[in-house]
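>>> Sequence first, predicted coordinates after that:
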Amino acid sequence: MADGADPAWPDDAVEVGSIVDAWGIKGWIKVQPYAADPQALFATKRWFLKPHESALGHRPGGAVIPTLLRIVQAKEHGDAIVAQAQEIPDRTAAEALHGVRIFVSRSSFPTADADEYYWVDLIGLAVSNRQGEALGTVVGLLDTGAHSVLRVAPDALREGKSAQATERLIPFVAAYVDSVSLPERRIVVDWGIDY
């Protein structure tokens, strides 16, 4: 890579937030993080950008969206983050980025503590119960405030084959989750096949 050239889009890019507004007059941006704890945004000084699909080709004044922001400063501001980047010289440039999606490399995320997992790592894991019965695959999670809930879709539902198959909602707490193995890509739960 030549000096000063943008790094390639990371293979492990994860969408972590979006730009919701300009902040101040000096080119700062206001970012809405997708996580309650936005440490992934603070863990790297390189944020990769993509326009939202609905905004493709509709930038004010024909503004060009950079593919990479090199972050100079970032700090929490209420439930959002405000940041300054080398590529954004003024408020007009910041306003042109409204709605742009922010991605960071998964490898730059802070290391999770034992028995803590990033949602992005749980999505796609196979879920079975203590009896070895397959319950499906994690297709998403819900945050209830008290704890997270796994959204587990039976394979027939994910493949669009069965109208009778329904998504299971399993609390992601020790009372129901026996083990999580990221290397084996599986979760074992105390959950009946007929729940």
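Now that the structure is in, tell me what you want to look at.
>>> and this protein, what are its domains?
Following automatic domain parsing, the chain resolves into domains at 13-108, 119-189.
>>> Any figure for the gap between Lys50 and Ile123?
19 Å (C-beta to C-beta, to the nearest Å). C-beta here means a position set from N, CA and C on the backbone, and glycine is covered the same way.
>>> would you list every one of the helices in this protein?
Applying DSSP state H to the chain gives helices spanning 39-42, 91-95, 119-122, 155-158.
>>> Reformat those as JSON lines; add mean neighbour count and mean pLDDT.
Output for the helices of the chain, formatted as JSON lines (neighbours: other C-beta atoms under 10 Å; pLDDT from 0 to 100):
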{"stretch": "helix 39-42", "mean neighbour count": "19", "mean pLDDT": "90"}
{"stretch": "helix 91-95", "mean neighbour count": "18", "mean pLDDT": "94"}
{"stretch": "helix 119-122", "mean neighbour count": "17", "mean pLDDT": "89"}
{"stretch": "helix 155-158", "mean neighbour count": "15", "mean pLDDT": "66"}
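>>> possible to save the ones you listed as TSV with distance to Lys75?
Listed next are the helices of the chain as TSV, based on distance: least, C-beta to C-beta, whole Å:
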stretch	distance to Lys75
helix 39-42	9
helix 91-95	16
helix 119-122	24
helix 155-158	40
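>>> Which one of those lies nearest to Ile170?
helix 119-122 (11.2 Å; C-beta to C-beta).
>>> what sits up against the closest one?
With C-beta atoms under 8 Å, 6 or more residues apart in numbering as the contact definition, helix 119-122 has outside contacts at Val14, Ala35, Arg106, Val138, Leu141, Ser148, Leu150, Phe172, Val180, Leu182, Ile187.
>>> Could I get the contacting residues of the most far-flung residue of the chain relative to its centre?
What lies farthest from the middle of the chain is Gln131; by C-alpha atoms, centre = their mean that is 32.2 Å. Listed by C-beta under 8 Å, 6+ apart, the contact partners of Gln131 are Ile193.
>>> can you redo the domains of the chain as JSON lines with distance to Tyr195?
Conversion of the domains of the chain to JSON lines gives the following (distance: least, C-beta to C-beta, whole Å):
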{"stretch": "domain 13-108", "distance to Tyr195": "28"}
{"stretch": "domain 119-189", "distance to Tyr195": "7"}
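>>> picking up where we left off before, looking at the helices of the chain, which is closest to Ile25?
Once the helices of the chain are compared by C-beta to C-beta, helix 91-95 is nearest, at 5.0 Å.
>>> what residues does the closest one touch?
So helix 91-95 is contacted by 21-29, 60, 63, 87-88 (C-beta under 8 Å, 6+ apart).
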